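Trainee: return atomic coordinates for the entry below.
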Amino acid sequence: MQIFHLLRAVTVAYGLRQTEFATRNGMHTTDVRALICLLDAERAGVDATAGRLGASLGLNSAGTTAVIDRLERLGLLARVQDARDRRRVLLRVEDRARELGRASFGPLIDGTVALLADFDEQEVDAVSRFLSGVRDIMEADGARS
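Mentor: Numbering: from 1, shown residues only. This next block holds a predicted model:
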C-alpha cells in the first residue's frame, strides 16, 4: 500500500501543478490535459484530430470544440488542413504552448530525468513496467465504468 499511497501523492501534486499552470495562463485544467494529449499523440506519430482528442478527454463534440477554440484563441493550438486529405483538419500544438510548458514544467522534467540517471537499466525498466501497468489498470477500470 505504501507504493500506492506514494503514487497517489505524486498524482495529487502533479494535478496541483497543472492547475497552477492553467490558472496562470488563463486556461481550464481540461485545456492542459488536452495539450498533454496532443503532445503525446505527436510523440507517437499519431494524427491529432478533434475526434481523437475528444475521445482521449472523454468529452462530447461540443465540449471538444470549446477546448479547441479556447486553446486556439490563446495561441496555443492551430487547426491545420491535412496535407494527405484536404477534408480533414488536424490539430497542431504551437511553439508558444511548448515554451509555456517548458518554463513551468522544465525543472520537474529535468529533475526527474536526473533522478532516473541514478537508476540502473533494470531499475528504470521496473519503474517503466510499473507505471505502464498502473496506466493500463486505470484505463481498463475506466472502460468498465
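Trainee: going forward, measure contacts between C-alpha atoms and count neighbours the same way
Mentor: Will do.
Trainee: all strands of this structure, in order?
Mentor: All strands of the chain, identified by DSSP state E, fall at 77-81, 89-93.
Trainee: so which of the ones you listed comes closest to Arg43?
Mentor: For the strands of the chain, proximity to Arg43 was assessed by Cα to Cα; strand 89-93 is nearest, at 11.6 Å.
Trainee: tell me the angle that closest one makes with strand 77-81.
Mentor: 150 degrees (axes from the mean of the first three to the mean of the last three Cα atoms, to 10 degrees).
Trainee: centre of the chain to stretch 123-130, how far?
Mentor: Chain-centre distance of stretch 123-130: 20 Å, with Cα atoms, centre = their mean, to the nearest Å.
Trainee: outside of stretch 12-32, which residues touch it?
Mentor: Leu57, Val67, Arg70, Leu71, Ser104 (Cα atoms under 8 Å, 6 or more residues apart in numbering).
Trainee: how close does the residue nearest in space to the middle of the chain sit to Gly111?
Mentor: Nearest to the mean C-alpha position of the chain, counting by Cα atoms, centre = their mean, stands Ile36 at 2.0 Å. Ile36 sits 19 Å away from Gly111, going by Cα to Cα, to the nearest Å.
Trainee: next one: Asp85
Mentor: Applying Cα to Cα to Asp85 and Gly111 gives a distance of 41 Å.
Trainee: higher neighbour count, these two?
Mentor: Gly111 (12 against 8; other Cα atoms under 10 Å).
Trainee: mind checking how far that one is from Phe105?
Mentor: From Gly111 to Phe105 the distance is 10 Å (Cα to Cα).
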